[in-house]
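Q: with the sequence up front, the predicted model follows.
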Amino acid sequence: MSAPVSDPAAAGRAPLSRDEARGLLSEALAMSAADRTSVVLEARDESLTRFANNEIHQNVTSRQHTLTLQAIVGRRRGIASTSRLDSSALRQVADRALALARLSPEDEGLPPPAAPAEAPPLAAFVAATAGCTPEERATAVGPVTRAAAARGLNAAGALTTASTALAVADSHGLFAYHPATYANFTCTVRAPDSSGWVDRHRRDWRELDAAALGEVAIRKAELSRDPGEVAPGRYTVVLEPSAVAELVAFLAWLGLGAQSEQEGRSFLSGRMGQSITGAGVTLVDDAFDPRSFGRPFDHEGTPRRRVTLIENGTARAVVHDRRTALKAGVESTGHACPPPAVEGPIPYDLVLATGTHALEELIASTERGVLVTRFWYNRVVDARRTLITGMTRDGTFLIEEGRLTRGLRNLRFNESVLEVLARAEAFGRDAEPTQFDYVGNCVVAPALKVGEFQFTGVTRF
């Protein structure tokens, strides 16, 4: 069997249909001589229109298919992948995985096969996004570049549209398939001594009003001209949703998965049932939240469950795949990562509970503080303490008497994510999703007002 030669994106279809995915996975399973076999197929069609210097300079489209086959012989396993989907490639990947399994040591933690289970439906595919054309994207971003040029500013960014398909099958009758779409508009606007930024994510690209979003970045660049400076120290901050998402995303990797908790590396190790943040903080992993970009099942084909990780400030749970669930004597929550999943299960759809305040109200209630549009270049300093360092960027402002009075030079911060959540004084009522393309996880977060946020240095820009 060969990969489809038609152009699904042009017709507004998923990269692979359910029948095409089933056929490919069935053929791959038939090629395997292992005791047990599982196969994961991921397909992605992605297009973007990129602009810089107030001009559209690139339109590209990519198509990617990856098939990963896991062969199990006794308690040994081997994993191999291919980006080719013809019969010869399927035979080669099955043989390679089998050979690796026979050479591998026995895996005492290998879970038994799961019984096939039907995942709840999740409407995640928008034909208009899958079929979005270069002309449509150019029409959307054109007003942004023209508006920036008219005001003596320089706009750069991209409008991305993508359609995906995930399919999982095994030799015990499991089959799961899920198509989805994703769209992102990001824009940075620069002046000689200032910049502004905006970033939005949706399943339906038509919900991205690029002109209005571009105006947000333009206004931030204009308002932050001739930036001032504040000394390093502790300040009340108002963090916009993107800044909050950057911090909260680290929790997924630093300890909300069961493997790190079982190995004693997690910030939750030994703290389950204890208060770890402020009482106003509830954090869940919910693939079915309509603002997120979740999938109804994981890479083992297990249906995803909504998991309350932190409830009113108290540590409640971690997410599981079948391996960690077996060790803990519980059921998988459907959070297995792509094989070989060496990091264990990860929450991919974090949702931080909202409050009742508009962003403007958070600013108005601040006598003196700093508004942060986003963080960047963030790195882990101490994983067990959730201590992160990074910098502000593209819109940092001084708040005085409830008003933005001037732009500020960017500031370096050193903060514990858990302590930031413990000191949160007020929560925004509107939450925005941020999908991190380097790992694929999503965080839905509101703006926060936080006291005593620690800035440790000031930049020259």
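A: Received it, and whenever you're ready, just let me know what you need. Numbering: from 1, shown residues only.
Q: what's the mean pLDDT across the one helix or strand Ala30 maps to?
A: Assigned by DSSP states H and E, Ala30 falls within helix 18-31. In this model, helix 18-31 carries a mean pLDDT of 98.
Q: remind me what that helix packs against, helices and strands.
A: Counting contacts by 3 or more CB pairs under 8 Å, 6 or more residues apart in numbering; DSSP states H and E, helix 18-31 is packed against strand 36-52, strand 55-73, helix 87-103, strand 154-170, strand 175-191. (Glycine included, C-beta is placed from N, CA and C.)
Q: Serialize the ones you listed to TSV and add fields for mean pLDDT.
A: Formatted as TSV, the helices and strands packed on helix 18-31 follow (pLDDT from 0 to 100):
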stretch	mean pLDDT
strand 36-52	97
strand 55-73	97
helix 87-103	98
strand 154-170	98
strand 175-191	97
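Q: and these as CSV, adding mean neighbour count and distance to Val443?
A: As requested, the helices and strands packed on helix 18-31 are arranged in CSV below (neighbours: other CB atoms under 10 Å; distance: least, CB to CB, whole Å):
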stretch, mean neighbour count, distance to Val443
strand 36-52, 22, 21
strand 55-73, 17, 24
helix 87-103, 18, 34
strand 154-170, 24, 18
strand 175-191, 22, 14
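Q: where exactly do the strands run in the stretch 101-250 of the chain?
A: 154-170, 175-191, 194-202, 233-239 (DSSP state E, counting those that start in this stretch).
Q: select, out of those strands, the one closest to Cys337.
A: Across these, the minimum distance to Cys337, taken as CB to CB, is reached by strand 154-170, at 12.3 Å.
Q: list the contacts for Arg323?
A: Gly109, Leu110, Pro111, Gln259, Ala341, Gly344 (CB atoms under 8 Å, 6 or more residues apart in numbering).
Q: are any of these buried, and which?
A: Listed as buried from the contacts of Arg323 are Pro111, Gln259, Ala341, Gly344; burial here means 16 or more other CB atoms under 10 Å.
Q: pLDDT-wise, what's the bottom of the residues you listed?
A: Ranked by pLDDT, the buried ones among the contacts of Arg323 bottom out at Ala341, which scores 92.
Q: quick one: that one and Asp298, what's the gap?
A: 10 Å (CB to CB, to the nearest Å).
Q: shared neighbours of the two, anything?
A: Shared contacts of Ala341 and Asp298, defined by CB under 8 Å, 6+ apart, comprise Asp321.
Q: beta partners for the nearest residue in space to Leu100 that is not next to it in sequence?
A: Counting by CB to CB, 6 or more residues apart in numbering, Gly78 is the residue found nearest to Leu100 once chain neighbours are left out, at 2.9 Å. Beta bridges link Gly78 to Ala71 when assigned by DSSP bridges.
Q: ok, Gly78 touching Leu110?
A: No: with contact defined as CB atoms under 8 Å, Gly78 does not count as touching Leu110 (12.0 Å).
Q: OK, contacts around the nearest residue to Leu352 once chain neighbours are set aside?
A: Using CB to CB, 6+ apart and skipping the chain neighbours, the partner closest in space to Leu352 is Ala445 (4.6 Å). By CB under 8 Å, 6+ apart, the contact set of Ala445 is Pro241, Val244, Ala245, Val248, Leu350, Leu352, Ala431, Glu432, Thr434.
Q: out of those, who has the most neighbours?
A: Within the contacts of Ala445, most neighbours by other CB atoms under 10 Å means Val244, with 30 neighbours.
Q: do you know the pLDDT at the residue lying closest to that one once chain neighbours are set aside?
A: Spatial nearest neighbour of Val244, excluding adjacent residues (CB to CB, 6+ apart): Ala445 at 4.1 Å. Per-residue confidence (pLDDT) for Ala445: 98.
Q: the one 3 residues further on now?
A: Model confidence at Leu448, expressed as pLDDT, equals 98.
Q: what of the one 3 residues further on?
A: As predicted, Gly451 sits at a pLDDT of 97.
Q: does it touch Glu425 like I think?
A: Yes: if you go by CB under 8 Å, Gly451 and Glu425 touch, sitting 5.6 Å apart.
Q: mutual contacts of the two, please.
A: Shared contacts of Gly451 and Glu425, defined by CB under 8 Å, 6+ apart, are found at Thr236.
Q: and the strands in the stretch 351-461 of the chain?
A: Applying DSSP E, counting those that start in this stretch to the stretch 351-461 of the chain gives strands spanning 368-382, 387-400, 403-407, 411-416, 424-435, 442-458.
Q: for the third one, buried residues please.
A: Meaning strand 403-407. Leu404, Gly407.
Q: got any ranges where the protein has weak pLDDT?
A: 1-7, 9-10, 438-439 (pLDDT under 70).
Q: if I pick Arg403, what's in contact with it?
A: Contact partners of Arg403, counting by CB under 8 Å, 6+ apart, are Ile363, Ala364.
Q: what's the spacing between it and Ala221?
A: 19 Å.
Q: Ile310 too?
A: Counting by CB to CB - Ile310 and Ala221 are separated by 36 Å.
Q: which of the two has more neighbours?
A: Neighbours were counted for Ile310 and for Ala221 using other CB under 10 Å; Ala221 has more, 26 against 23.
Q: any idea how far Gly196 is from the more buried one?
A: In this view, Ala221 and Gly196 are 4 Å apart by CB to CB.
Q: where do the contact lists of those two overlap?
A: The contact lists of Ala221 and Gly196 share Val189, Gly395, where a contact means CB under 8 Å, 6+ apart.
Q: ok now stretch 70-87, how far from the chain's centre?
A: Mean-position distance between stretch 70-87 and its chain equals 27 Å (CA atoms, centre = their mean, to the nearest Å).
Q: then that stretch to PDB, C-alphas only?
A: In PDB, the C-alpha atoms belonging to stretch 70-87 read as follows (Å, rounded to 0.1, in the frame of the first residue of the first chain):
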ATOM      1  CA  GLN A  70       6.700  -1.300  18.900                       C
ATOM      2  CA  ALA A  71       7.400  -5.000  18.800                       C
ATOM      3  CA  ILE A  72       7.300  -7.000  22.000                       C
ATOM      4  CA  VAL A  73       8.800 -10.500  22.400                       C
ATOM      5  CA  GLY A  74       8.200 -11.900  25.900                       C
ATOM      6  CA  ARG A  75       9.300  -9.000  28.200                       C
ATOM      7  CA  ARG A  76      11.600  -7.400  25.600                       C
ATOM      8  CA  ARG A  77      10.600  -4.600  23.300                       C
ATOM      9  CA  GLY A  78      12.000  -2.800  20.300                       C
ATOM     10  CA  ILE A  79      10.900   0.400  18.700                       C
ATOM     11  CA  ALA A  80      11.500   1.700  15.200                       C
ATOM     12  CA  SER A  81      10.100   4.500  13.100                       C
ATOM     13  CA  THR A  82       9.800   5.500   9.400                       C
ATOM     14  CA  SER A  83       8.500   8.400   7.500                       C
ATOM     15  CA  ARG A  84       7.800   6.200   4.400                       C
ATOM     16  CA  LEU A  85       4.400   4.500   4.200                       C
ATOM     17  CA  ASP A  86       4.900   2.100   1.300                       C
ATOM     18  CA  SER A  87       4.800  -1.600   1.800                       C
END
